Structure formats: C-alpha cells, structure tokens
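> pasting a predicted model and its sequence here:
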Amino acid sequence: MDTGRIIDMALKLVDEVGVQALTLRMLADALESGTATLYRHFGGKDELLAHVVDRIFVDVCVPPAAPDGPTWREAAEAGAEAFYETLCRHPGALPLLVAQVPVGPNGLLNRERSLGLLLSHGFSVALAARTFTAIGHYVIGFAVQQHGPGAARPEDEAQLRDYYRSLDPALYPATTAGAEELTSVPLREEFRFGLDLLLDGLEEVRRAESE
C-alpha cells in the first residue's frame, strides 16, 4: 500500500474524529486493510502522526529566495495566509502542531525557504529565526483559539456580547462600550489585523538592525 495514501487517510480521519480518537485499527478499516500493513510503514501511531503533521505543510508553499522574487513582507503575508487557510481546513490536526515541532521533509523545506528568504532581504540570522518563529506562533495560536477543539461557536459570541452589555457600565465602562467590537469582528479580519501589526513591528526591527 502506498505510504502517501495511508497518511492522507489518517489526516482525513483526524479531521473527522480528532487525534485522540484515531486508532490504527480505525485507519486500517478505512483503508480496507489490516494493522499489520500499517506497521510495515510506521512504527506506531506517534510516528504516523508525525507524518500527518508534515503532510499539512505540502499545502504551505514558500517561494525560494530570488532577485526578482517577492519582498520579505509579501512572502511572509502569503506564507502566513496559506498556513492559516491550511490549518482551517484541518482543525482536528491543530493539537499536533501544538505538541510537536515539524521536522519532516516538508516542514524542513518550509523552514529553510522562509529563513533563506529573510536572510536574502538583509535579516540577521537571529532576527530571521525570531521572525519565522513569531509568525508561526501567531498563526498556530490564532487557529487553535478560533478553530481548534472547543473553540467558540457563533452563538457563543452572541451570548458573550449580551453578557458584556449586561455589565454595570459604572464598573466596566470600556467593556460595555466595546461589547460589539469585542465580539463581532469577522475572524479573517481579526487574523489579518494581528498579522499586519506583527509584520509592521518586524519591519521596524529589521530597519533598526540595518542602520
């Protein structure tokens, strides 16, 4: 059986039932095979899940550094957006991104190209590493909070807004005044707002470092 097919089915099941509920028996049944076949490809569930994490990065394309390529900010924006969109499609896999650092071939290629692009635009090694890490943490953290297991539903936001409005404005004037804005900003807009703030700050640090 093709290894790629096993990994793709495992990712599909993670999306459907979650990481904890996935078993090798469940995966084997979905593939109309046996667990012995899976053990010929993977040492166990943990090894399989490491490959599932790496599979996610297939859809996160970072262009290699090139003289006529995108600016660092354009590449960072595109990479962060692609990463976020990918995580939104696979919310069940989010706990895996929290639990482990991606060190498979796709994750390594993503990291290498991202760092290389930053270095080609004048970032020091230290700042390139911190920039890559900060953007990754922001994207994963936002996705976990907004789309991961137990994330708030639209009806929860409405209840929270009503609760803020019900507070005593004498004690919580800022919260009651901002009840609508605190609970009604579209997720895509909120994500982009935070990403822009992060990139603006990183650009300031890059300029200061180059002076």
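Yep, that arrived. Numbering: from 1, shown residues only.
> could you find the closest non-adjacent residue to the residue nearest to the spatial centre of the chain?
The chain has I140 as the residue nearest its centroid, 3.5 Å off, counting by C-alpha atoms, centre = their mean. The shortest distance from I140 to any non-neighbouring residue, by C-beta to C-beta, 6 or more residues apart in numbering, is to L97 (5.1 Å). In short, each C-beta sits where N, CA and C put it, glycine included.
> how about the contacts made by the one you found?
Counting by C-beta atoms under 8 Å, 6 or more residues apart in numbering, L97 touches 53, 56, 87, 140, 144.
> pretty sure the last one sits against A93.
No - under the criterion of C-beta atoms under 8 Å, V144 is not in contact with A93, lying 10.7 Å apart.
> SS state for the residue lying farthest from the centre of the chain?
Distance from the centre of the chain peaks at A170, with 39.7 Å (C-alpha atoms, centre = their mean). Look at A170: counting by DSSP: H, G, I helix; E, B strand; the rest coil, its state is coil.
> what segments of this structure are strands?
Using DSSP state E, no strands are assigned anywhere in the chain.
> which residues of it fall in helices?
Counting by DSSP state H, the chain has helices at residues 3-17, 24-30, 35-39, 45-56, 72-89, 94-99, 105-120, 125-147, 154-166, 173-177, 179-184, 187-210.
> indicate which one of the ones you listed is closest to V62.
With C-beta to C-beta as the measure, helix 105-120 is the member of those nearest V62 (4.2 Å).
> show me what counts as buried in the closest one.
Using 16 or more other C-beta atoms under 10 Å as the test for burial, helix 105-120 gives 106-107, 109-111, 113-115, 117-120.
> which helices and strands does it pack with?
For helix 105-120, the packing partners by 3 or more C-beta pairs under 8 Å, 6 or more residues apart in numbering; DSSP states H and E come out as helix 45-56, helix 72-89, helix 125-147.
> so can I have CSV of those showing distance to L27?
Below are those laid out as CSV (distance: least, C-beta to C-beta, whole Å):
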stretch, distance to L27
helix 45-56, 8
helix 72-89, 19
helix 125-147, 23
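> and I6, which of these is closest to it?
The closest of the helices and strands packed on helix 105-120 to I6 is helix 45-56. By C-beta to C-beta, the value is 7.5 Å.
> can you check what angle separates that closest one from helix 72-89?
130 degrees (axes from the mean of the first three to the mean of the last three C-alpha atoms, to 10 degrees).
> appreciated, that's everything.
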